[in-house]
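Q: I need the structure of the sequence given here:
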Amino acid sequence: MTNGQVTRGSGILEHFLSKKRAQKANYLIPNRYRTGRILDVGCGFYPYFLTKTEFKDKYGIDPSLSNINIDGIKLIKSNISQKPIPFKENFFDAITMLAVFEHIDQEKIPLVLNEIYRILKKNGIFIITTPPPWSDKLLHQMSKFNLISEEEIHDHKSHHSRKTIIDMVQNTGFKNIKSGYFELGFNMWFKAEK
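A: Residues are numbered from 1 along each chain as shown. Have a look, this model is predicted:
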């Protein structure tokens, strides 16, 4: 980790929240996928989740990746909302997008979801975590008190209801979509299959 940071900016709760997202994602991923490949889309400048999950092959992609090397993790510095994800079709068994959905411009979301669908194997699993729209004002207040990263919060570009996200994921072609809340309702989770 870079100075103990797991996200851009600083905040007293950032490490704790990253840990909770990683735990939720790990809980949602059945063991049968772990002998394959996982991609963490928007893994951050430090790929915290990938260091806390067990998979045969681990990949992370993010435009803010720092110049780090972590054994067993392949990292790619790229912005997935500006160009295609650099992997062939049906490459990954699991794809995660933890605290990233809200950072994507509204008009780019269909492109990103289509790319994720393209590179995910048939019956592969896709996990999303994102805050619900009602939490936006409270998150901004929390950032003013350095509880969470002001830099991360001010980079939020879109906020969607649970139903809207389910509709977008379903319209992309995903099936068996499940969702819920965690972190006392401050975060939503989604699990879908190709």
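Q: Quick one: end-to-end length of stretch 125-144, please.
A: The straight-line separation of the ends of stretch 125-144 (C-alpha to C-alpha, to the nearest Å) is 36 Å.
Q: Now do it: distance to the chain's middle.
A: Centroid separation for stretch 125-144 versus its chain: 12 Å, with C-alpha atoms, centre = their mean, to the nearest Å.
Q: May I see the buried residues of it?
A: 125, 126, 127, 128, 129, 130, 131, 132, 135, 139, 142, 143 (16 or more other C-beta atoms under 10 Å). To be clear about C-beta, it is placed using only N, CA and C from the backbone, and glycine gets the same treatment.
Q: go on, stretch 95-114?
A: Residues of stretch 95-114 classed as buried: 95-102, 104, 109, 111-113 (neighbour count, 16+ other C-beta under 10 Å).
Q: Alpha carbons of it, as CSV, please.
A: Taking Å, rounded to 0.1, in the frame of the first residue of the first chain, the C-alpha atoms of stretch 95-114 are listed here in CSV:
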residue,chain,number,x,y,z
ILE,A,95,-15.4,-9.6,-13.0
THR,A,96,-15.8,-7.2,-10.1
MET,A,97,-16.5,-3.4,-10.2
LEU,A,98,-16.3,-2.3,-6.6
ALA,A,99,-17.1,1.4,-5.9
VAL,A,100,-16.6,2.2,-9.5
PHE,A,101,-20.1,2.4,-11.1
GLU,A,102,-20.7,5.9,-9.7
HIS,A,103,-17.5,7.2,-11.3
ILE,A,104,-18.6,6.4,-14.8
ASP,A,105,-20.2,9.1,-17.0
GLN,A,106,-23.9,8.3,-17.5
GLU,A,107,-23.5,8.0,-21.3
LYS,A,108,-20.5,5.7,-21.0
ILE,A,109,-22.2,3.1,-18.8
PRO,A,110,-23.8,1.0,-21.7
LEU,A,111,-20.3,0.9,-23.4
VAL,A,112,-18.7,-0.3,-20.2
LEU,A,113,-21.3,-2.9,-19.4
ASN,A,114,-21.2,-4.3,-23.0
